[in-house]
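[1] just a sequence and a predicted model for now, questions to come.
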Amino acid sequence: MTDKQQQLDHLNAVMAQLCPCALRDTATQPVPGSGNPDADIMFIGEAPGKKEDEQGVPFVGAAGKFLSEMFASINLSRDDIYITNVVKYRPPNNRDPHPDEVAACWPWLQEQIKIIQPAIIVPLGRHALERFVPGRKISEDHGKAFRREIDGCGTFVFYALYHPAAALYNGSLRETLMHDFARIPKLMKKIHAQQQKN
Ligand code: URA
């Protein structure tokens, strides 16, 4: 087991006890995140849905299946990346998370980012983008790489994408998402080259 895996397991166990999110009362269990803690790329969705709540694993429903197909299209598997959500508990009837729920789960996400130290953070959809860059529009910012400081975590490269659930049944969003996705390997190469120079 890697050092990061141990740190993440410990964090997730502690936060499952201590997270003050009110959604704990209605959710079956927390959905902390899954994948490779040594990953270069971290995908961050909005909040768990029904299937995720049942299994305790993010993106295992229809949107997750679509996401896995897109990973495969760029030769990545779920073991190559880390995936989590802004909010760690399912909101009732999959409603949008409330600001106090996002705030309550924020320290958990901050600590995950600090442990994983990804080369790229990929917010999935407008809610995840809003948490990192308030006031920006996913329709304008998808598929663009930019750097941002995250309070208490340092500066990271962001590359926002449309949420796979939004794109699943919308032909033009689907095409845009797949097009943005296809650019990830080139972006990773560029970032690795920059890291080697520094
Ligand atoms: N949508 C999300 O944002 N996260 C999940 O885990 C599943 C669906």
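    It's in.

[2] what is the burial count for the residue of the chain found nearest the ligand?
    Nearest to the ligand in the chain, going by Cβ to the nearest ligand atom, is residue 45, at a distance of 2.9 Å. No exception for glycine: its C-beta is placed from N, CA and C like everyone else's. Residues within reach of residue 45, counting by other Cβ atoms under 10 Å, total 28.

[3] ok, the one 3 residues further on next?
    Other residues within reach of residue 48 by the criterion other Cβ under 10 Å amount to 31.

[4] buried sites along the worst-scoring helix or strand of the chain on mean pLDDT?
    Using mean pLDDT, DSSP states H and E, the weakest-scoring helix or strand in the chain turns out to be helix 184-197, at a mean of 92. Neighbour-count burial for helix 184-197, counted by 16 or more other Cβ atoms under 10 Å, picks out 184, 187, 188, 191.

[5] mind giving me the packing neighbours of it?
    Counting by 3 or more Cβ pairs under 8 Å, 6 or more residues apart in numbering; DSSP states H and E, the packing neighbours recorded for helix 184-197 are strand 120-123, strand 154-159.

[6] please repeat the previous calculation with a cut-off of 10 Å.
    strand 41-45, helix 62-73, strand 120-123, strand 145-150, strand 154-159 (3 or more Cβ pairs under 10 Å, 6 or more residues apart in numbering; DSSP states H and E).

[7] beta-bridge partners for the most centrally placed residue in the chain, please?
    Nearest to the geometric centre of the chain sits residue 44, at 1.0 Å (Cα atoms, centre = their mean). With DSSP bridges as the criterion, residue 44 is bridged to residue 84, residue 123.

[8] got a list of what it touches?
    Contact analysis of residue 44 by Cβ atoms under 10 Å, 6 or more residues apart in numbering lists 33, 58, 82-86, 109, 112-113, 118, 121-125, 127-129, 131-132, 158, 160.

[9] within reach of the ligand, which of those are there?
    58, 85 (Cβ under 6 Å from any ligand atom).

[10] hmm, which of the contacts of residue 44 are the buried ones?
    Buried subset of those (neighbour count, 16+ other Cβ under 10 Å): 33, 58, 82-86, 109, 112-113, 118, 121-125, 127-129, 131-132, 158, 160.

[11] the longest helix anywhere in the chain: how far from the chain's middle?
    Scanning the chain for the longest helix, with DSSP state H as the assignment, gives helix 99-116. Remark: helix 99-116 is offset 11 Å from the chain centroid, using Cα atoms, centre = their mean, to the nearest Å.
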